[in-house]
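Novice: requesting a structural model of the entry that follows:
(chains A and B)
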Amino acid sequence: MLYLKSWHESRIRFLLSLVFLCGISSCVVFYFAYLHRYDRFRTHPSPDYAHYIWAVIFKGGNSVREMFVLIVLFLGMGGLLRERAHGTAAFSLALPISRWRFVVARGLVGILEVSALSFVPAVTVLALSPAIGQSFPPAQATQFAILWSACGAAFFAGAFLCSALVEGEYASPVTALSALALYSLTLSISVFGKYPLNTLNIHSVMSGEGMPYFRPETAQVIALPWGTLICIFGLAVGLLALSAYVTQRQDF
Amino acid sequence: MLWIKAWRETRTRFLLIAAILAAICAWAVFFPQTQIEGRHVDFRTSVYQFVYYGKAKGVFGILVIFMGTGGLLRERSLRTAAFTLSLPVSRLRLVAIPAAVGLAELTALALLPATLLPALSILVGQTYPLLEALQFSILWFGFGSIIFAVAFFFSVIASGEFVAPIATYLILMVQGYVGPAIGAEFVLKAMSGLGTVYRGAAGNLVPTGLPWGSLAAYSASALILFSVSGFITQRRDF
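Specialist: Residues are numbered from 1 along each chain as shown, chains lettered A, B, ... in the order given. Next up, the predicted model:
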């Protein structure tokens, strides 16, 4: 029942995000056909399809990836603090289940939604590429989707923690976005470049940019960095556990 | 009293946004980049790239959306609308005052980098021209007001908690694709002064004048959205 409750609470956001990601990825694919046909590329020689898809969807800097990260932050919103503001927390808390289970159910449903969304651009590109006479390697699309799933889970868990900590109308998404900006800012300090911590730059792990497992000449992931992905997923689980701990100690 | 109510409802968001903008400005001044895309850049260009072209502008553009959210529909969901509606003031004032407070907060946020950058630059033995910073503040306020107005409008027509911010964000992204095709500037791009600044011989970015036509058009659109929001609220049954 808790899983159903979590799904009902987030399904509109999830479905809107799904439609949006699908729509924007379709536009990206068809825009390539337009650029290719009328030779409107800004760079000469014009990029090949794999480079174009990587740059516009998977890389970063006004790309679909950044939109995905923002969407994931919205999926992390909700929880008992919000229910308290709506006056419905008492009903949820009266159920004969522990607060841990509340948090776990919402977290699990959220992570599943994030995983589903992370496959949307990849599947859209795979499905629509033949329509414009192009092809994108299914293995590449799957690898990027897996990278997005693990990293998206970490961003989701960060937003989830914000929603457990910060009360107030829209204060929680603003905090999550501010935290994301601060995180990106911290990563831009060049001193971190010397340490292995730099491999946990979640933005770079998602896009593959500057990573040893990514080959920029062909815009392809050579092999998935399973160790890094497990670390990032562990971070997500840690953040969710922290949210559960905070929720357990809160007075509603 | 309505002014205080509007301020109290938005102050957490406002202060959070101000804090993050201040942090980014401080970062830009204390950790200036010397190379961008393999090209040597001076302090002024580095600050521009970081604040007015890059991170601070993006954060401002996205977070301004949350300044416009709230209103009577949200209050209805929280079951406090009846208290607000029982106050002896017209509905037009209930809409106009939060809009005015929001615009005042927007002004403060737009002016924040213009205050911080020249002041902090002195601490590191550099200078950032106040006049140039103020010109970007005008751009941030002018183009930010339309983002704020769209979010405000959606919070008047849609009661869902996240509908207004998500719808505004989607419109902003779509405007980025459709706007330039129909001759309208992409709001987030126009905020960075693209088209109004040029790279000088020394690599500096020198403002050549503000796009008053675009600013007036977007401000007028914002005003129309506020008026429509007031009209809808007046006719709605709570």
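
Novice: how about the strands in chain A?
Specialist: A:214-215, A:220-221 (DSSP state E).

Novice: what's the closest non-adjacent residue to residue 141?
Specialist: You didn't pick a chain, so chain A it is. Using C-beta to C-beta, 6 or more residues apart in numbering or on different chains and skipping residues adjacent in sequence, the residue nearest A:Ala141 is A:Ala122, 3.7 Å away. Where you see a C-beta, it was placed from the backbone N, CA and C, and this is true even at glycine.

Novice: if you could check chain B rather than the one you did, that'd help
Specialist: B:Ala110 (4.1 Å).

Novice: same question, A:Tyr170
Specialist: B:Phe66 (4.7 Å).

Novice: what is the neighbour count of that neighbour?
Specialist: Under the neighbour criterion other C-beta atoms under 10 Å in any protein chain shown, B:Phe66 is assigned a count of 24.

Novice: quick check: the gap between it and B:Glu161.
Specialist: With distances taken as C-beta to C-beta, to the nearest Å, B:Phe66 is found 11 Å from B:Glu161.

Novice: tell me the spacing between the residue nearest to B:Phe141 and chain A.
Specialist: Taking C-beta to the nearest C-beta, to the nearest Å as the measure, B:Ala110 falls 17 Å from chain A.

Novice: ok, that residue - contacts?
Specialist: B:60, B:137-138, B:140-141, B:144 (C-beta atoms under 8 Å, 6 or more residues apart in numbering or on different chains).

Novice: go again with 6 Å.
Specialist: B:137, B:140-141 (C-beta atoms under 6 Å, 6 or more residues apart in numbering or on different chains).

Novice: wasn't the residue nearest to A:Tyr170 part of a helix?
Specialist: Yes. The assignment for B:Phe66 is a helix, going by DSSP: H, G, I helix; E, B strand; the rest coil.

Novice: that one touches B:Arg13, doesn't it?
Specialist: Yes. In this structure B:Phe66 lies within contact range of B:Arg13 using C-beta atoms under 6 Å: 5.3 Å.

Novice: residue ranges in the chain under the pLDDT threshold?
Specialist: All of this is about chain A. Applying pLDDT under 70 to chain A flags residues A:41-45, A:61-62, A:189-200.

Novice: if you could check chain B rather than the one you did, that'd help
Specialist: In chain B, residues with pLDDT under 70: B:195-208.

Novice: swap the cut-off to 80 and go again
Specialist: B:34-39, B:77-78, B:160-161, B:177-185, B:193-209, B:238 (pLDDT under 80).

Novice: strands of that one, residue ranges please.
Specialist: Counting by DSSP E, the strands of chain B are B:35-36, B:39-40, B:197-199, B:205-207.

Novice: what's the second one packed up against?
Specialist: Okay, so that is strand B:39-40. Of the remaining helices and strands, none touches strand B:39-40 by 3 or more C-beta pairs under 6 Å, 6 or more residues apart in numbering or on different chains; DSSP states H and E.

Novice: which ones are touching the residue nearest the centre of chain A?
Specialist: Chain A has A:Gly152 as the residue nearest its centroid, 3.0 Å off, counting by C-alpha atoms, centre = their mean. A:Gly152 makes contacts with A:72, A:114, A:118, as judged by C-beta under 6 Å, 6+ apart.

Novice: would you mind giving those residues as JSON lines with neighbour count added?
Specialist: Below are the contacts of A:Gly152 laid out as JSON lines (neighbours: other C-beta atoms under 10 Å in any protein chain shown):
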{"residue": "A:Val72", "neighbour count": "27"}
{"residue": "A:Val114", "neighbour count": "27"}
{"residue": "A:Ser118", "neighbour count": "23"}
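
Novice: and the residues you listed, which of them are in helices?
Specialist: Taking DSSP state H as the definition of helices, the contacts of A:Gly152 contribute A:72, A:114, A:118.

Novice: looking at those residues, which is nearest B:Arg44?
Specialist: Taking C-beta to C-beta as the measure, B:Arg44 sits nearest to A:Val72 out of the ones in helices among the contacts of A:Gly152, at 35.7 Å.

Novice: thanks again, I'm all set now.
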